[in-house]
Structure formats: structure tokens, C-alpha cells
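Peer 1: mind folding the following:
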Amino acid sequence: MADFYIHRGPYRRPAEVDDSEYALVPIWVKIVLDGPRQALALMLPTCPLEELDPALFEHWIPAIQGPIVTRCDASDEQRELLLHIALAIHAFTEGFPGIDPDDYGYFMGRVVEAALSVEPDERCEERVTDLVDWLHGALPAALFDGDHIPPVTEEEFETPLVWQLATGRLSMPVFSRWRGESGTVGTAGSIDVGDQDDADSNSSGSIPPLVDYESNSD
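Peer 2: This is a model prediction of the structure:
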């Protein structure tokens, strides 16, 4: 059986506050699913929505629905928690009917609050569940159920899973396999930092196909 943990990254000072209003905000929050043979981490950046490149989140859902979560000995409920967080991030960055972009900030505030209130070795499944329960109450129910969600599969998914700020100034892994089959800690995937145009965060009003999981064989 796998366990959830919540880890926080290094702190940054928000640009909009002065020294008298200093607040500690981690650059990222990592939700870790730790199993006996393998673990994975879903890294959530705390930067503003407009600084995220939507293309770098499009592989989260098929990866979560793949064998890496199975190898963590995760329950169906644990897989669903990760899936629903990934669906929400995808909807915030790509758009979905009924999504209010302001809810991204409210959600990340709750993520940061959770990260600041736990110890690194504290099991946190209840807190992860609370985050997803908030998403269920704030976002359209249709987001979490429908044909846009690929089925669970045991087919390997090897696409690099990383994110970077749209400005190209920062790069870090978002969804990383950090323990191998032997149980040793490995190096998470990353990408080189380069210049990019600012990501377009305007809602398109509909969610695009998350992944082409239909067979294209002739």
C-alpha cells in the first residue's frame, strides 16, 4: 500500500509584498505517492497561472493512468486523487466550460497551506483528499468524468514530464519517477531552459483531448 506525503520547495518572496508583509511561499509543492517498490511525485508550481505553459502539463493524465501508479501499489482511490488534481491543472491552463481562472489561485493557496502545516515524514492522504474535495466543490463535475479521460492502462508512458515558467527562467520536474524498481533514489527528468513566448492562459471554453489513446493501427 502506498502513502501520500506533501513536501515544500525553497521559499520565495512574492513580488507584490514589501518587507513588512513578508510571507513565506514555496516555489513548488510536491505531492508524493510513496510505495514499497516505487514512488512518484506530482510537483505543483505556485507561480501565477499566466506563467505556466499548458503544453508541459498535457502528459500528466496518461502517465497517472499508466503502470507507474500501479507499481507504487496505489489503490484505485489514490490514483483517482492524483488524476483529479491533474485534470484540474489541465483545465486551468487549457480551459474548460464553467472554469473560473481565479479558482487556480484559491486552490494553490490551499496547496501551500497544506504544505506549510505538515512535516516531511507525515502521512498526508487526508490532506490530499481535502484538496480534491475542494476541487470537486469548486469546479464543474463534468471535468472529472467523461470520454476526455483515458482509461487505466499497463502500457508504458515515457514522455518527459516537466514544467518551466513561460519566461524560460526556471525549470524543474513536475511529475517524476524518483525511485527505481530496486528502491534506490534516481534522478528526476528535467529540461534545458530556453527562451519561450509567454503562455496563453486564456480559456478556450473547452478542454482539448488529453491524449490520443485510441489505437491508430491500420
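Peer 1: what is the neighbour count of Ala55?
Peer 2: 12 (other Cβ atoms under 10 Å). Any C-beta I mention is one placed from the backbone N, CA and C, and that applies to glycine too.
Peer 1: need the strands for the protein, in chain order.
Peer 2: Secondary structure of the chain, counting by DSSP state E: strands at 3-8, 11-12, 25-26, 28-34, 39-45, 162-164, 171-173, 175-177.
Peer 1: state the mean pLDDT of the third one.
Peer 2: It stands for strand 25-26. For strand 25-26, mean pLDDT rounds to 84.
Peer 1: elements contacting it?
Peer 2: Applying 3 or more Cβ pairs under 8 Å, 6 or more residues apart in numbering; DSSP states H and E, we find strand 25-26 packed against strand 11-12, helix 102-116.
Peer 1: CSV for those, including mean pLDDT and mean neighbour count?
Peer 2: Formatted as CSV, those follow (pLDDT from 0 to 100; neighbours: other Cβ atoms under 10 Å):
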stretch, mean pLDDT, mean neighbour count
strand 11-12, 74, 12
helix 102-116, 94, 17
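Peer 1: what's the closest of these to Pro150?
Peer 2: Taking Cβ to Cβ, helix 102-116 is the member of the helices and strands packed on strand 25-26 nearest to Pro150, at 22.9 Å.
Peer 1: now Asp100, nearest residue through space, not along the chain?
Peer 2: Of all residues not flanking Asp100 in the chain, Ala138 sits nearest, at 8.0 Å (Cβ to Cβ, 6 or more residues apart in numbering).
Peer 1: list the contacts of the one you found.
Peer 2: The contact partners of Ala138, by Cβ atoms under 8 Å, 6 or more residues apart in numbering, come to 100, 103, 106-107.
Peer 1: turn these into a markdown table, including distance to Ile85.
Peer 2: Below are the contacts of Ala138 laid out as a markdown table (distance: Cβ to Cβ, whole Å):
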| residue | distance to Ile85 |
| --- | --- |
| Asp100 | 17 |
| Asp103 | 13 |
| Tyr106 | 14 |
| Phe107 | 9 |
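Peer 1: how many neighbours does Thr93 have?
Peer 2: Thr93, neighbours per other Cβ under 10 Å, totals 23.
Peer 1: if we can go back for a sec, of the contacts of Ala138, closest to Pro62?
Peer 2: Among those, Phe107 lies closest to Pro62 (Cβ to Cβ), at 22.1 Å.
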